[in-house]
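S.K.: My questions are about this predicted structure, shown below with the sequence.
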Amino acid sequence: MATVAQTSKFSNIFWPVVAWVVALIFFFPIFWLVFTSFKTDADAVKPEFLFFFTPTLENYTNMTENYDYWRFAINSVITSTFATLFALFVGVPSAYAMAFNPSRHTKDILMWMLSTKMLPAAAVLYPMTFLTKNFLGIFDTHFLVILVLCLINLPIVIWMLFTYFKEIPKEIIEASKMDGVTTWGEIKDILIPLAWGGVASTALLCFIFCWNEAYWTVRLTTTEAATLSKLIEGNRAPEGLFFGRLSAVSTAAVGPIIVLGWFCQKQLVQGLTFGAVK
Amino acid sequence: MADRTIPKLLQTPAVVLLLIWMLVPLSMTLYFSFIRYVLNSLRRPEWTTPSISNWRGFGNYEYVLNAKDFWFAIQNSVLIVSSILVLTVILGLGIAVLVNRTFPGRGIVRVLLISPFFVMPAVNAVLWINMILDPVLGLQGIAVGGLNNIIDGLRDFPVLGAFFSLWPELEPISFRATQTSAYAVIMMVTWQWTPFAVLIFMTSLQSEDESQKEAATLDGAGAWSQFINLTVPHLARPIAIVVMIQSIFHLSLYAEIEIVSRGNGNKNLPYLIGEFTSNNIGAASATGIFAVILANIIAIFLLRMVGKSLMD
């Protein structure tokens, strides 16, 4: 008996320490990014200032001047917000219909929607450029970025909403039908309030995906509607000259989203696995 | 009657939008893949506008299949995606089991662990290739330099110095060469996606049947055999889902390759399509069709594997 107690005492200290070390290793690159952002560009590449240096905020105060940060940040906010709203606007009614009035084809439709996610974006790169540039004239506009971000996230939004709506007892919706509530009234007054948590986390996750998207936002914009992904991608080769300022602008680009992500990590599992892992 | 039409109407916008999004560009790609179409040609200006009279049949496909780049890109895509899958699943399993117990600061550990997943790909790549992996200015370069200095210092020691003087100078690795930059991409994407695997495995572990484990312990089963015989089968479905979702994302990996490689020859299929798109649209489209076929094969395979469990 004594040996069992001893090993469990040992493992009660040993494994948590290992867990902490692993977590710190995984977080280290992010820490290093934020840490470097407080060094001047000159200090950032000097080994003697690796850990001890005079912190400065100049990289942040000069961010507008160096990178025109706010223009890109505002574009990211606008496109991600409206793409999310638009995806919900299209996705909520659709998921509502599939959850409460499933037909023979509902399964197939859901699977087909998921399969559109598997279409490699690169395969349709040129047609998209061609259509939007020469034909529709919407290349490099907020409208285009919003539309594309909405479309690439729509399958995930519908899937997530569908899994949340399925949890709501059908009787509640049917009772309201008896009372003569219109479809719009059902969605607005009964469904949304009941599934508020699910709708909110779907929106949050969709927003995060929009913010981090780095293929279409880079390829379908030049200046007007360029987002933070484009800004960072355009400054990818600093050759060590600008580690400080590049760290600052990167921190500003990912910071808000990481914090937002902390709040929805539980919903993330349900969202990304389409409710298959609980 | 109204019972059936209203739900249909509600689904229509989503279905129509996705249908257009899927069909219109894809059918254009299909069309371009069968004609001669280049963006700049002084010799044959008629090829610079898409037209049915420039019909080439399967010529573009033949051209692509004979291009060395194409096979290299396929090989590299497979290398990158499968390495990431193996690494994230193994690391994810290990870390999920590690964190799945109560200990002080568990909440903070979880928050620290999940953070990399929310970093935007462009920042991920810029951060790793410059500030961490750069052979001179990055942490790698600084660490190697520091180690060399320490060894140099030890050489002056009496007796032991003779031993250390046999040590070679350490060379930092450049992650910007063709082959090593693929490893850099694998490293940074694994860093970003291991948290995702951890999160899913952890959620699933919490629903594991504890009484089964207790019975196993009473029967004298060790921790390792419990892990192999009880935990891993319980995690089969989450593992399949992690593999499926990551395949969707990593087959179209682009930003990381673009930022790390900077035209050094390292490429995957999406990157090769991007290269062709700068002039030879016919070849780009044919490569695109190959990419779609490849993705479909994998999608069918994966959906078979997990599709059923998604609908329960």
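M.R.: Done, it's in. What you see is a predicted model; the values in this text were computed from it and never measured.
S.K.: counting contacts, what elements does the helix or strand of chain B with the lowest mean pLDDT pack onto?
M.R.: Least confident helix or strand, chain B: helix B:160-164 with a mean of 77, by mean pLDDT, DSSP states H and E. Applying 3 or more CB pairs under 8 Å, 6 or more residues apart in numbering or on different chains; DSSP states H and E, one finds that helix B:160-164 makes contact with helix B:139-155. The way it works is simple: take the backbone N, C-alpha and C, and place the C-beta from them, glycine included.
S.K.: Quick one: mean pLDDT over the helix it packs on.
M.R.: Across helix B:139-155, pLDDT averages out at 85.
S.K.: Likewise for stretch B:11-19?
M.R.: 90.
S.K.: is any part of that stretch close to chain A?
M.R.: Yes: Stretch B:11-19 is in contact with chain A by CB under 8 Å from any CB of the partner chain, via B:11, B:13, B:14, B:15, B:17, B:18.
S.K.: Please tell me how far the first one sits from residue B:18.
M.R.: Read that as residue B:11. Separation of residue B:11 from residue B:18 (CB to CB, to the nearest Å): 11 Å.
S.K.: remind me which residues of the chain are low pLDDT?
M.R.: The chain I'm using is chain A. Along chain A, segments meeting pLDDT under 70 span A:1-7, A:237-240, A:274-278.
S.K.: wrong one, chain B
M.R.: Ranges of chain B meeting pLDDT under 70: B:1-4, B:306-312.
S.K.: can you map out the strands along it?
M.R.: Read by DSSP state E, chain B holds no strands at all.
S.K.: The residue nearest in space to the middle of it: what's its closest spatial neighbour, skipping adjacent residues?
M.R.: Centroid-nearest residue in chain B: residue B:250, 3.3 Å away (criterion: CA atoms, centre = their mean). Distances taken as CB to CB, 6 or more residues apart in numbering or on different chains put residue B:81 closest to residue B:250, at 4.7 Å, once the chain neighbours are dropped.
S.K.: Likewise for residue B:290?
M.R.: Counting by CB to CB, 6+ apart, residue B:64 is the residue found nearest to residue B:290 once chain neighbours are left out, at 6.9 Å.
S.K.: quick revisit: for residue A:82, see how far away the residue nearest to residue B:250 is.
M.R.: Taking CB to CB, one finds residue B:81 at 33 Å from residue A:82.
S.K.: Buried residues of the helix or strand where residue A:153 lies, list them for me.
M.R.: Here residue A:153, judged by DSSP states H and E, is contained in helix A:142-166. Neighbour-count burial for helix A:142-166, with 16 or more other CB atoms under 10 Å in any protein chain shown as criterion, is recorded at A:142, A:144-165.
S.K.: Then stretch B:36-52?
M.R.: B:36, B:37, B:38, B:47, B:48.
S.K.: how about the helices in the stretch 1-150 of chain A?
M.R.: For the stretch 1-150 of chain A, the helices defined by DSSP state H, counting those that start in this stretch cover A:2-36, A:41-44, A:58-61, A:63-67, A:69-100, A:106-116, A:125-130, A:142-166.
S.K.: what's the most buried one of these?
M.R.: helix A:142-166 (a mean of 23; mean count of other CB atoms under 10 Å in any protein chain shown).
S.K.: Find the nearest non-adjacent residue to residue A:16, please.
M.R.: Using CB to CB, 6+ apart, the nearest residue to residue A:16 is residue B:103, at 3.5 Å.
S.K.: show me what contacts the one you found?
M.R.: By CB atoms under 8 Å, 6 or more residues apart in numbering or on different chains, the residues touching residue B:103 are A:12, A:15, A:16, A:19.
S.K.: wait, what's in contact with the last one?
M.R.: I take that to be residue A:19. Counted by CB under 8 Å, 6+ apart, residue A:19 has contacts B:95, B:98, B:99, B:103, B:106, B:109.
S.K.: Which two of these have the greatest separation?
M.R.: Distances among these were taken as CB to CB; the most separated pair is B:95 and B:103, at 13.7 Å.
S.K.: quick revisit: the contacts of residue A:19, buried ones only, as a PyMOL selection?
M.R.: Buried subset of the contacts of residue A:19, written as a PyMOL selection, criterion 16+ other CB under 10 Å:
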select buried, chain B and resi 95+98+99+106+109
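S.K.: Which of the contacts of residue A:19 fall within helices?
M.R.: B:95, B:98, B:99, B:106, B:109 (DSSP state H).
S.K.: If we only consider these, which is nearest to residue B:176?
M.R.: Nearest member of the ones in helices among the contacts of residue A:19 to residue B:176, counting by CB to CB, is residue B:95, at 29.7 Å.
S.K.: Pull up the gap between the closest one and residue B:87, please.
M.R.: 12 Å.
S.K.: Contact partners for the nearest residue to residue B:275 once chain neighbours are set aside?
M.R.: Once flanking residues are discounted, residue B:275 sits nearest to residue B:267: 7.0 Å by CB to CB, 6+ apart. Residues in contact with residue B:267 (CB under 8 Å, 6+ apart) are B:69, B:72, B:73, B:76, B:257, B:261, B:275.
S.K.: got it, and residue A:264?
M.R.: Residue A:264 neighbours (CB under 8 Å, 6+ apart): A:201, A:204, A:205, A:208.
S.K.: Angles on the backbone of the nearest residue to the second one once chain neighbours are set aside, please.
M.R.: Across the structure, with CB to CB, 6+ apart as the measure, the residue nearest residue A:204 apart from its sequence neighbours is residue A:264 (4.6 Å). When read as degrees, to the nearest 10, the backbone of residue A:264 gives phi -120, psi 30.
S.K.: Kindly report the same for residue B:174.
M.R.: phi -90, psi 120.
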